[in-house]
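A.B. asks: Structure, please.
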Amino acid sequence: MLRVTPSIVIEDAELEESFVRSSGPGGQNVNKVATAVQLRFDAARSPAIDDDVLHRLRVIAGTRMTADGVLVIDARRHRTQAQNREDARERLADLIRQAASPPKRRRKTRPSAAARKRRIESKARRAETKQRRKVVRDET
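C.D. replies: A predicted model of the protein is given here:
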């Protein structure tokens, strides 16, 4: 069982792990032992994930989620299968935790009167600088 938040718990039966040969560190073992973990979680069909969380998860996961709603996490950072397995589960939990918290609403702000005044003054200074660069023609 993977406890993501107090209200979201994912059963082990919902997770599908496959082990493949990893590139990267591992010495001679890298060619013999399947240490990389590919973790698949069907978020679209999971009873633990509601529609709002699923929608945010699709946005956050990006290309790691298939069109069918299956989240695929590839873990190959460590030399051992157990460490990679734990890493994949933690990364899955982090993604779901991010999606579980709704984004804060943006509050509109306005520039202060002093900031508006500074902006206008800087524009005027810039315009004056550019005016001085012009070639003055003598009309005599």
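
A.B. asks: who touches the residue nearest the centre of the chain in this structure?
C.D. replies: Centroid-nearest residue in the chain, with Cα atoms, centre = their mean: residue 60, separated by 5.1 Å. Residue 60 makes contact with 95, 98-99 under the criterion Cβ atoms under 8 Å, 6 or more residues apart in numbering. Where C-beta positions appear, they are placed from N, C-alpha and C, glycine not excepted.

A.B. asks: mind listing the strands for this structure?
C.D. replies: 2-3, 9-10, 15-20, 36-42, 70-75 (DSSP state E).

A.B. asks: Of the ones you listed, flag the one that's most buried.
C.D. replies: strand 36-42 (a mean of 20; mean count of other Cβ atoms under 10 Å).

A.B. asks: for the record, mean pLDDT for that strand?
C.D. replies: Strand 36-42 carries an average pLDDT of 84.

A.B. asks: Now do it: distance to the chain's middle.
C.D. replies: 18 Å (Cα atoms, centre = their mean, to the nearest Å).

A.B. asks: next one: stretch 133-140
C.D. replies: 58 Å.

A.B. asks: which outside residues touch it?
C.D. replies: Against stretch 133-140 from outside (Cβ under 8 Å, 6+ apart): no residues.

A.B. asks: Dump that stretch to CSV, restricted to CA.
C.D. replies: The C-alpha trace of stretch 133-140 is given here as CSV (Å, rounded to 0.1, in the frame of the first residue of the first chain):
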residue,chain,number,x,y,z
ARG,A,133,20.2,61.6,-31.0
LYS,A,134,18.4,63.0,-34.0
VAL,A,135,20.4,65.0,-36.6
VAL,A,136,19.7,68.7,-36.4
ARG,A,137,19.2,70.3,-39.8
ASP,A,138,20.1,73.9,-40.3
GLU,A,139,17.5,75.6,-42.4
THR,A,140,19.4,78.7,-43.5
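
A.B. asks: what comes up buried for it?
C.D. replies: Residues of stretch 133-140 classed as buried: none (neighbour count, 16 or more other Cβ atoms under 10 Å).

A.B. asks: tell me the average confidence for stretch 70-85?
C.D. replies: On average, stretch 70-85 scores 82.
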